[in-house]
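Chemist: following is a predicted model, sequence given first.
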Amino acid sequence: GENVEQHPSTLSVQEGDSAVIKCTYSDSASNYFPWYKQELGKRPQLIIDIRSNVGEKKDQRIAVTLNKTAKHFSLHITETQPEDSAVYFCAASRTGGGADGLTFGKGTHLIIQP
Amino acid sequence: ETGVTQTPRHLVMGMTNKKSLKCEQHLGHNAMYWYKQSAKKPLELMFVYNFKEQTENNSVPSRFSPECPNSSHLFLHLHTLQPEDSALYLCASSPQDSNQPQHFGDGTRLSIL
């Protein structure tokens, strides 16, 4: 089955700086890679996703890159703000999330220092 | 507001009790999922349902029994649970074939005494 590794487990950055979270996956058949943000006591919320037919996707301060050859993908957050503090999870699946469940990484606790 | 509603939000039960978790989605999706979230572990997929049919059971112990009467409702029946089953149980839904992401509910925080 699929295995997703996520690093680092904790990331502390100064407000305004950039944050990068990296994930690797093992199943070459995986073709859908979402990122979720989970604030304390709340549900995971999708912030961005990427499919295997593209290498990069950007949405305002958030971007995701995918390297299918190396089987890794990364989340980039620029100009970080206090409200970006949360736990971020990467995930992978073999479809668009419809027929198959997601395999998640262990999460990264992002701390934005004022 | 979430399109996926889970009840109850919190549940405390003894190891010999029988209880059920409920999930309802108002998004018109055809696939529904149960995940378990324990402290310091990744979200773990438990079950997948597509058009009311179970398509994946991720080696879940039989003390967890899912039920999907229609595409909008999903239940997780619990019996004879163990202390290690204490966790946040999250329900999610998605369109079955339109390549769209999963939407999560707020979860049920389960504590086994």
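Modeler: Perfect, thanks for sending it.

Chemist: going along the chain, name the strands of the chain.
Modeler: Here I'm looking at chain A. Here chain A has its strands, by DSSP state E, at A:4-7, A:10-14, A:19-25, A:32-38, A:45-51, A:56-59, A:62-67, A:72-77, A:86-92, A:103-104, A:108-113.

Chemist: ah, I was thinking of chain B
Modeler: Under DSSP E, chain B gives strands at B:4-7, B:10-13, B:18-25, B:31-37, B:44-50, B:53-57, B:64-70, B:73-79, B:87-94, B:103-104, B:108-112.

Chemist: and the third one, what's buried?
Modeler: Read that as strand B:18-25. Of the residues in strand B:18-25, B:19, B:21-25 count as buried by neighbour count, 16 or more other C-beta atoms under 10 Å in any protein chain shown. Where C-beta positions appear, they are placed from N, C-alpha and C, glycine not excepted.

Chemist: output the below-cut-off pLDDT ranges for the chain.
Modeler: This is for chain A. Residues of chain A that meet the criterion pLDDT under 70 lie in A:95-99.

Chemist: not quite, I wanted chain B
Modeler: Scanning chain B for pLDDT under 70 picks out B:1-2, B:97-99.

Chemist: separation between the most centrally placed residue in it and residue B:12?
Modeler: Central residue of chain B (C-alpha atoms, centre = their mean): residue B:34, 3.1 Å from the mean position. Going from residue B:34 to residue B:12 by C-beta to C-beta, to the nearest Å gives 20 Å.

Chemist: and for residue A:67?
Modeler: For residue A:67, the distance to residue B:12 equals 46 Å [C-beta to C-beta].

Chemist: residue B:58 reaches residue B:36, doesn't it?
Modeler: No: under the criterion of C-beta atoms under 8 Å, residue B:58 makes no contact with residue B:36, lying 9.5 Å away.

Chemist: mutual contacts of the two, please.
Modeler: Listed as contacting both residue B:58 and residue B:36 by C-beta atoms under 8 Å, 6 or more residues apart in numbering or on different chains are B:44, B:46.

Chemist: end to end on stretch B:54-67, go ahead and measure it.
Modeler: End-to-end distance of stretch B:54-67 (C-alpha to C-alpha, to the nearest Å): 9 Å.

Chemist: for residue 28, what are its contacts?
Modeler: Reading this off chain A. Residue A:28 makes contact with A:68, A:71 under the criterion C-beta under 8 Å, 6+ apart.

Chemist: um, chain B though
Modeler: Counting by C-beta under 8 Å, 6+ apart, residue B:28 makes contact with residue B:95.
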